[in-house]
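[1] what would the 3D arrangement of this be:
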Amino acid sequence: MKSFSSALYRGAVVHQRLAPKVHRLRYRMFQMLFDLDEIERLARSLCLFSHNKFNIFSFHDRDHGLGRTGALRDYVREALASAGIEIGGGKILLLCMPRLFGYVFNPISIYYCHRQDGVLAAMLYEVTNTYKERHSYLIPVRRDDGDAVIRQSCAKALFVSPFMDMAMTYDFTVSRPQDSVATTILAKDAAGCAMIVATFAGRRRALSDKTLAAALFAFPLLTLKVIAAIHWEAAKLFAKGVKLRAHPRAPEQALSIARAPRP
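    This is a model prediction of the structure:
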């Protein structure tokens with residue numbers, strides 16, 4: 001069987017709140033890296049995985065982007081085109097969690113968007129909150145950026161945590177997925193002070209039914225645990241006396257386009 005660009009990364013997520021109260025969490029988990037052009041082949045090759053239908057593991061296009069029917073890769077290419085970025089048949093990789101027994105909640109999904117020649121053209125950071133709102137941040141990558149780590153920043157546009165203000169900036173530090181992957185999001189307030197650091201680091205596993213079965217055994221009901229953990233950690237923050245912020249209306253546009261970082 002031909003190998004896949006898609007893979008599974010087993011590791012852990014860590015959140016460290018630095019202000020106004022110190023709070024730390026760490027959970028073991030996994031994410032999957034999907035090559036959007038090979039999802040159908042994945043579904044045909046794996047018994048435990050399906051595309052747009054129920055299975056133990058599954059990927060549904062409508063769980064991302066604008067939530068519409070149709071191929072997710074078409075939405076991504078449209079979003080890139082709106083920023084003047086054309087990738088032709090270039091590869092689009094998506095790091096996220098799949099549905100597990102029909103349920104998923106991805107606080108953040110990360111797209112690596114490549115040109116036809118394999119050069120990384122842009123990153124798309126798709127944030128979903130617990131209020132069923134979603135917003136994406138599209139940031140071009142300089143063509144001459146040959147580093148293994150991508151560092152980018154943008155202004156916060158979507159209300160996420162009721163314990164954080166809206167006037168904030170995200171700093172993304174993301175490795176290119178190879179034998180391992182690491183993602184870090186540093187959120188800073190309007191004064192530039194660090195408020196929270198969220199990281200995920202994982203080791204690559206080649207995709208197979210055996211790999212999926214092992215992940216199911218190690219992380220049963222993972223996606224349900226994610227949403228449960230979000231509310232459990234929120235309750236602990238509230239108990240620590242962190243004040244709640246009002247929930248503003250979501251931005252009218254579902255996409256923010258930021259500039260590429262300067263050399």
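[2] low-scoring pLDDT stretches of this structure, where are they?
    Applying pLDDT under 70 to the chain picks out residues 1-2, 143-146, 260-263.
[3] what are the boundaries of the helices in it?
    39-45, 72-82, 209-218, 222-239 (DSSP state H).
[4] out of those helices, which is closest to residue 155?
    helix 72-82 (17.7 Å; Cβ to Cβ). Backbone N, C-alpha and C define where each C-beta goes, glycine included.
[5] what residues does the closest one touch?
    36-37, 61, 64-66, 68, 86-87, 92, 94, 111, 113, 121-122, 124, 136, 138, 255, 257 (Cβ atoms under 8 Å, 6 or more residues apart in numbering).
[6] so residue 125 touches residue 107, yeah?
    No: in this structure residue 125 lies outside contact range of residue 107 using Cβ atoms under 8 Å: 10.9 Å.
[7] any residues in contact with both of these two?
    Between them, residue 125 and residue 107 share no contacting residue, judged by Cβ under 8 Å, 6+ apart.
[8] which stretches of the stretch 51-200 of the chain form strands?
    Applying DSSP state E, counting those that start in this stretch to the stretch 51-200 of the chain gives strands spanning 57-59, 92-96, 99-100, 108-114, 120-128, 134-140, 149-155, 168-175, 180-189, 194-206.
[9] burial of the closest residue to residue 102 other than its chain neighbours, as a residue count?
    Of all residues not flanking residue 102 in the chain, residue 54 sits nearest, at 5.4 Å (Cβ to Cβ, 6 or more residues apart in numbering). Applying other Cβ atoms under 10 Å, we find 10 residues neighbouring residue 54.
[10] next: residue 138.
    Look at residue 138: counted by other Cβ under 10 Å, it has 22 neighbours.
[11] just list whatever residues bridge to it.
    Per DSSP bridges, the residues bridged to residue 138 are residue 124, residue 257.
[12] I'd say it and residue 122 touch.
    Yes: taking contacts as Cβ under 8 Å, residue 138 lies within contact range of residue 122: 6.1 Å.
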